[in-house]
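Colleague: let's see this in three dimensions:
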Amino acid sequence: MEKKKQQAIAMVRYENQNSTDEAIEKLNERLNAFTGAVGYFYLRADLREDYFIPTSAYKIMKKDIDVACTIAKTRMNCSVTYKELSGKGNSSVIRLRASSQRILNQATDLFKNLLTPAVLTLPWYQFKTMTDKKLTFAKNTLAQEHYNQIFISKDTRTKTIKVYGPKYEREEAARRLQNFIKDDNSIKKEIKVDPLKAIIQKNGELSESLKKFKGEISIDIKRSCIQFLSTNTEFEELKRTIDQLTQEYKAQKKPNATIDDQCLICFCEVEEAYRISACDHVFCSGCIKFQFDTMAADQSISCCKCKTELPLQDMRLLSHPEKFAEKCEISLNRYLLQNIGMYKYCHKCNQLARIINGEAECLTCHKTYCSFCDHDSHPGMSCEDAKSGNREFEAWKKMFTRPCPNCKVPIEKNQGCNHMTCASCQNHFCWLCADKHKGENEPRFRSTSSQPIYAHLNQIHGGISTEEDLLYD
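Modeller: As a prediction, this is how the structure comes out:
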């Protein structure tokens, strides 16, 4: 009976790329030194880079992204996959995988140029006034000017607006959007509302007749007034609508309730009661929902009767999921600002990263890097020294190595003949011709065995070794 083939898989994480390359080289030497070994064993690095973008942006840019994927696969020998992230809202990931850092860097540069958005960093007051309605209006205006491959998103964590799309479109669209924000002539005014319940539905949302207005509506519950950010024309029309709603509500209002039956938010009889779990006091469901949804993220909501703070379970039940998530996010940002030396947002996937001794490790994509310069970790070296060291290494690599014609991994020759075998992809090639490779598929550049290379060396170069080899002996 034929025995089943057994396969063992192990994953090892190293501190840096140099340690990884050294371990692979030594392990390859040992694996192939086994007595009686059949076949050829080899290890190679499996490097990856993730790019997180909104799914909506991916769909708009799909044609350009597909072209980039084809280039990465056919010209760079780099694997590219796409996946929508379930449970992450409007978020997707494009993952690049390669067997060498050089190939990965080439593919990364290609996708970085395509996927990095133009970012508008706004003052707090401007960001606050850029509502979803205004962004939709701005996007429609840009579409009329033939900027059709643009996706605009708001990042509440960084108070920025991000513009995704082809580079030639996103930069111009961002400039026009910046001018739109700068020229926004909205005016903020207040309207006294008595009672507030006249404009709040039982589900805690604003009356449907108020949702049609072009502008930003906010309510100050303590002062019983509505604040409206829009034009004078819109303001006058809103005022007439609120007067009409107030009159309709008062006409339907029941006789005054006793103090025990009153909601201390709207001071009317309780409708669709909600009982707070911590203290058992009762309020209108719509009133307390609206109070939570409109409160600032740095405020705590408490019972109006006994001042007991609402437990988290009540907040989840009372708030719309999106608004609850937004408040949690703002609270998290405030915590991060207060503990700036312990946590930060990962510059790769925008998720939370832990900082230990100046090194950031992402809890989601597991990328580790310097928390100050966002480049690879460089223990014991300043950021400036690390950058200088990288430049020196690149200069050395250019002078003393040549890339494998098949996988482009840099190879150093320090002894032996001019027949080379790439430790990464097992390609056989001529060392003397390697730096002349322009994409040809000739045997001197790509071969699965050594014979064609030796034949080429004897025929073209007069032997397997030349005077040049003296430099390496």
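
Colleague: who's in contact with stretch 95-103?
Modeller: Contacting residues not belonging to stretch 95-103 are listed as 17, 44-51, 72, 76-83, 104, 107-108, 111, 403, 407-410, 424-425 [Cβ atoms under 8 Å, 6 or more residues apart in numbering]. Bear in mind the C-beta positions are built from the backbone N, C-alpha and C, glycine included.

Colleague: what residues of it count as buried?
Modeller: 96, 97, 98, 99, 100, 101, 102, 103 (16 or more other Cβ atoms under 10 Å).

Colleague: could I get those as JSON lines with secondary structure, pLDDT and distance to residue 245?
Modeller: Below are the buried residues of stretch 95-103 laid out as JSON lines (DSSP: H, G, I helix; E, B strand; the rest coil; pLDDT from 0 to 100; distance: Cβ to Cβ, whole Å):
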{"residue": "96", "secondary structure": "strand", "pLDDT": "91", "distance to residue 245": "55"}
{"residue": "97", "secondary structure": "strand", "pLDDT": "90", "distance to residue 245": "59"}
{"residue": "98", "secondary structure": "strand", "pLDDT": "88", "distance to residue 245": "62"}
{"residue": "99", "secondary structure": "coil", "pLDDT": "80", "distance to residue 245": "67"}
{"residue": "100", "secondary structure": "coil", "pLDDT": "80", "distance to residue 245": "67"}
{"residue": "101", "secondary structure": "helix", "pLDDT": "79", "distance to residue 245": "64"}
{"residue": "102", "secondary structure": "helix", "pLDDT": "81", "distance to residue 245": "67"}
{"residue": "103", "secondary structure": "helix", "pLDDT": "85", "distance to residue 245": "64"}
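
Colleague: out of the residues you listed, which two sit at the greatest distance?
Modeller: 97 and 102 (13.9 Å; Cβ to Cβ).

Colleague: distance of residue 113 from residue 173?
Modeller: 16 Å (Cβ to Cβ, to the nearest Å).

Colleague: how about residue 400?
Modeller: Counting by Cβ to Cβ, the gap from residue 400 to residue 173 is 46 Å.

Colleague: residue 453 now?
Modeller: Counting by Cβ to Cβ, the gap from residue 453 to residue 173 is 53 Å.

Colleague: just residue 317 next, same as before
Modeller: Taken as Cβ to Cβ, the span from residue 317 to residue 173 is 40 Å.

Colleague: and for residue 354?
Modeller: From residue 354 to residue 173 the distance is 36 Å (Cβ to Cβ).

Colleague: which of these two has more neighbours?
Modeller: More crowded of residue 354 and residue 173, by other Cβ atoms under 10 Å: residue 173, with 25 against 14.

Colleague: and the more buried one, that's in a strand?
Modeller: No: counting by DSSP: H, G, I helix; E, B strand; the rest coil, residue 173 falls outside a strand, being helix.
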